[in-house]
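> fold the following, please.
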Amino acid sequence: MKNILVLRFSSFGDIVQCLNALRLLRQQYPEARIDFVTKESFASLVQASGLVNNVFSYSSKKGLFALLNSCLKNSKQFRYDHILDQHSSLRSHLFCFLLSLNFFLKIHFGFKIIRRPKNRLKRFLYFYLRIPTFKFPFIGACSYYPYPTLKSLKSVPYLVFSSNSIPDFSLPIQGEYGILAPFTAWDMKCWPLENFKQIIPHLPFSQWIIVGGPEDRKKAQELAEAFPEKVLNKAGEYSFLETSLLIQNAKFILTGDTGAAHVADIVGTKGLLLIGPSAFGHTVSDRLKVLENKELTCKPCSKDGRGKCRASSYKLCLTSLTVSLVLRELD
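Numbers count the residues shown, from 1 in each chain. So this is what the prediction gives:
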């Protein structure tokens, strides 16, 4: 592989899992040119990984065709011989088709397209018919690289995100601190807020930072106000890269199945990951311990936490992870 174009448009956790697998790609092909296509909000994060040569990004205002034009100008110089379609969506298929068409019309040599498998049939058979089509635990990062092994991913050094692109960035806390990432895109993946209130007084370190999106700020403020001397609410205040830098410099993270967990995974931050209904949240690093209820037959019931809970009581997979049980895992 000489010149590689990687497509992954969103979201936070998926981008980071994709970068996790790209560590192995960069190790195996250190001299290759690797360019990355993503949404504008993730561009600085991908560039700061140090794994890619260039990032093509787009916003909703400019659209996909403006992005395509930018990639075409670059491809005239580098002539990609591989495209890794890590999104494998209608949009990414269209993007690859238009790029291929341009190469054909201009009599350029074509490229090989390698697509990340979505396993849609396997998902349907498992989640709707409960036919065992997946081997668990399913490590999401492994699906982003052709024929990877967990052993290979574990052998690659942890990533260090660079802060060079944001010279004004500084940590909001001096000294040791932990990260709390209680919120996820879907409520079914969230450990109860009341449990966080009960466990915070018993957590090590005197200072903790809550991370999350703007939509999480109100709930995060509830925790911060309950423990004003110990908890700092930063949900919705930082970019994806800045949030990643916070996690990278933290001593510990207590997190749900969300993007923050995958950042901790790729940078090697020690922590505890609480996994509920979803199937694909497991991580690579042994420094991030996973706690889940493996005895429930209804689990996993969803690829990402959306949908209806099938348990006898709502979110039993997470409510059964009691505060005392989590505290024992923290020791």
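
> measure D257 to L51 for me?
Remark: distance between D257 and L51 (C-beta to C-beta, to the nearest Å) = 24 Å. C-beta coordinates here come from the backbone N, C-alpha and C atoms, glycine included.

> oops, could you answer that again for F169 instead?
In this view, F169 and L51 are 20 Å apart by C-beta to C-beta.

> between the two, which has more neighbouring residues?
When neighbours are counted by other C-beta atoms under 10 Å, F169 and L51 differ, and L51 comes out ahead with 20 against 14.

> so that one, which of the three states?
Assigned state for L51: coil (three-state reduction, DSSP: H, G, I helix; E, B strand; the rest coil).

> thought it was touching L19?
Yes. Here L51 lies in contact with L19, judged by C-beta atoms under 8 Å, at a distance of 6.2 Å.

> what do those two both touch?
Contact criterion C-beta atoms under 8 Å, 6 or more residues apart in numbering; residues shared by L51 and L19: L159.

> where does the prediction get shaky in the chain?
Judged against pLDDT under 70, the low-scoring parts of the chain cover residues 1, 60, 62-78, 102-110, 146-148.

> what segments of it are helices?
Using DSSP state H, the helices found in the chain span residues 12-28, 40-48, 63-78, 90-105, 120-127, 150-154, 193-199, 217-226, 240-248, 259-267, 316-319, 323-330.

> want to throw these into JSON lines with distance to G305 and mean neighbour count?
Formatted as JSON lines, the entries for those read as follows, by distance: least, C-beta to C-beta, whole Å; neighbours: other C-beta atoms under 10 Å:
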{"stretch": "helix 12-28", "distance to G305": "11", "mean neighbour count": "23"}
{"stretch": "helix 40-48", "distance to G305": "21", "mean neighbour count": "21"}
{"stretch": "helix 63-78", "distance to G305": "28", "mean neighbour count": "15"}
{"stretch": "helix 90-105", "distance to G305": "23", "mean neighbour count": "15"}
{"stretch": "helix 120-127", "distance to G305": "12", "mean neighbour count": "14"}
{"stretch": "helix 150-154", "distance to G305": "23", "mean neighbour count": "14"}
{"stretch": "helix 193-199", "distance to G305": "16", "mean neighbour count": "16"}
{"stretch": "helix 217-226", "distance to G305": "16", "mean neighbour count": "16"}
{"stretch": "helix 240-248", "distance to G305": "20", "mean neighbour count": "23"}
{"stretch": "helix 259-267", "distance to G305": "13", "mean neighbour count": "28"}
{"stretch": "helix 316-319", "distance to G305": "10", "mean neighbour count": "20"}
{"stretch": "helix 323-330", "distance to G305": "19", "mean neighbour count": "13"}
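
> can you check which of those gets nearest to S278?
Closest approach to S278 among the helices of the chain (C-beta to C-beta): helix 316-319, 9.4 Å.

> list of residues touching that closest one?
Contacts of helix 316-319 from elsewhere in the structure, counted by C-beta under 8 Å, 6+ apart, are 189-192, 274, 276-277, 292-293, 296, 298-299, 309, 311, 313.

> what is the nearest of those residues to I15?
For I15, the nearest member of these is K189. The distance, counting by C-beta to C-beta, is 18.0 Å.

> separation between the residue nearest to the closest one when sequence neighbours are not counted and F196?
If you skip the residues right next to it in sequence, K189 has G305 as its closest partner in space, 3.7 Å away by C-beta to C-beta, 6 or more residues apart in numbering. When C-beta to C-beta is applied, the distance between G305 and F196 equals 18 Å.

> related to what we said a few turns ago, got a markdown table for the helices of the chain, with distance to K234 too?
Conversion of the helices of the chain to a markdown table gives the following (distance: least, C-beta to C-beta, whole Å):
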| stretch | distance to K234 |
| --- | --- |
| helix 12-28 | 15 |
| helix 40-48 | 17 |
| helix 63-78 | 31 |
| helix 90-105 | 32 |
| helix 120-127 | 35 |
| helix 150-154 | 30 |
| helix 193-199 | 15 |
| helix 217-226 | 8 |
| helix 240-248 | 7 |
| helix 259-267 | 12 |
| helix 316-319 | 24 |
| helix 323-330 | 22 |
